[in-house]
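Asker: Need coordinates for the below:
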Amino acid sequence: MTDKGRGDRPADRWAELVDAIARSRDKRAFAELFAYFAPRLKAQLMKRGLAASQAEDLAQEAMIAVWRKALQFRAQDGGVATWIFAIARNLRIDALRREARRGGVPASDAEAQFALDDAPSADARMEEAQSEEQVRRAMRSLPEPQLRVVELSFFEERAHPEIARLLNIPLGTVKSRLRLAMNRLRELLGPNR
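Answerer: All right, here's what the predicted structure looks like:
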C-alpha cells in the first residue's frame, strides 16, 4: 500500500491533514482523509472476508479512531496510510476476538495466529508507558488555563466555540491558549511527538 493520495498528492499531504486534525480538530481535513481512506479500508476488509456491512462499520470505526488518535500519529513510525490500515487491522482482530469469546464462528487458524503475533512486545509496552508518562509530565507543566482548554478540546472532544462558552472566554482566547499549550508540549516532548 502506497501512502499517496489522489493523483499527485504525496504522503506529506496526508500527514498535514492528520496534523490539522490533531492541532485544531479540522473537520475539512478529516473529511478529505475519510473520503480517500474509508472506501479503501472497506475494500481491504472485504478482501479479508468481511461482509460489506461489517467492512463498512469497521472502516467507519477506524476513521473515527483516526479522528480521536490524531495526536498519537508519529510520522517516523510510518506513513499515514500504514497507520490508518493498522488501526483497521487491529479493529478487525479485536472483532474476531470478541466473536470468538461469544462463541461465534471461530477465527481461522491463520487469522488466530496473526492475532497472537499482533500483541505488542514487552519493550514496546514499556516504551509506550514511558512515552505516556512523558506526556503526562509535560501536561502537568502547563498553566491551568491552557491545560483546561487542552482537556476540553482533546479529551472531551468539545468544539472551540463550546469551550469558549463553558469557560466564559472569547473564542480567540481558546485558540490562543490551545496554540500556546501545543507549542509548549512540542517543546517539552521534542519534534518527534
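
Asker: Going by C-alpha atoms from here, please, whenever you check contacts or count neighbours.
Answerer: Noted.

Asker: buried ones in the helix or strand encompassing Asp12?
Answerer: In this assignment (DSSP states H and E), Asp12 forms part of helix 11-24. Residues of helix 11-24 classed as buried under the neighbour-count rule (16 or more other Cα atoms under 10 Å) are Arg13, Trp14, Ala15, Leu17, Val18, Asp19, Ala20, Ile21, Ala22, Arg23, Ser24.

Asker: which helices and strands does it pack with?
Answerer: Helix 11-24 sits against helix 27-47, helix 52-69, helix 80-101, with contacts defined as 3 or more Cα pairs under 8 Å, 6 or more residues apart in numbering; DSSP states H and E.

Asker: One more pass at 7 Å, please.
Answerer: helix 27-47 (3 or more Cα pairs under 7 Å, 6 or more residues apart in numbering; DSSP states H and E).

Asker: For the helix it packs on, what is the distance to the chain centroid?
Answerer: 14 Å (Cα atoms, centre = their mean, to the nearest Å).

Asker: so the most far-flung residue of the chain relative to its centre, which of the three states?
Answerer: No residue in the chain sits farther from the centre than Gly103, which is 30.3 Å out by Cα atoms, centre = their mean. Following DSSP: H, G, I helix; E, B strand; the rest coil, Gly103 is assigned to coil.

Asker: Give the full set of residues in contact with the spatially most central residue of the chain.
Answerer: Against the mean C-alpha coordinate of the chain, by Cα atoms, centre = their mean, the closest residue is Lys69 at 2.5 Å. By Cα atoms under 7 Å, 6 or more residues apart in numbering, the contact set of Lys69 is empty.
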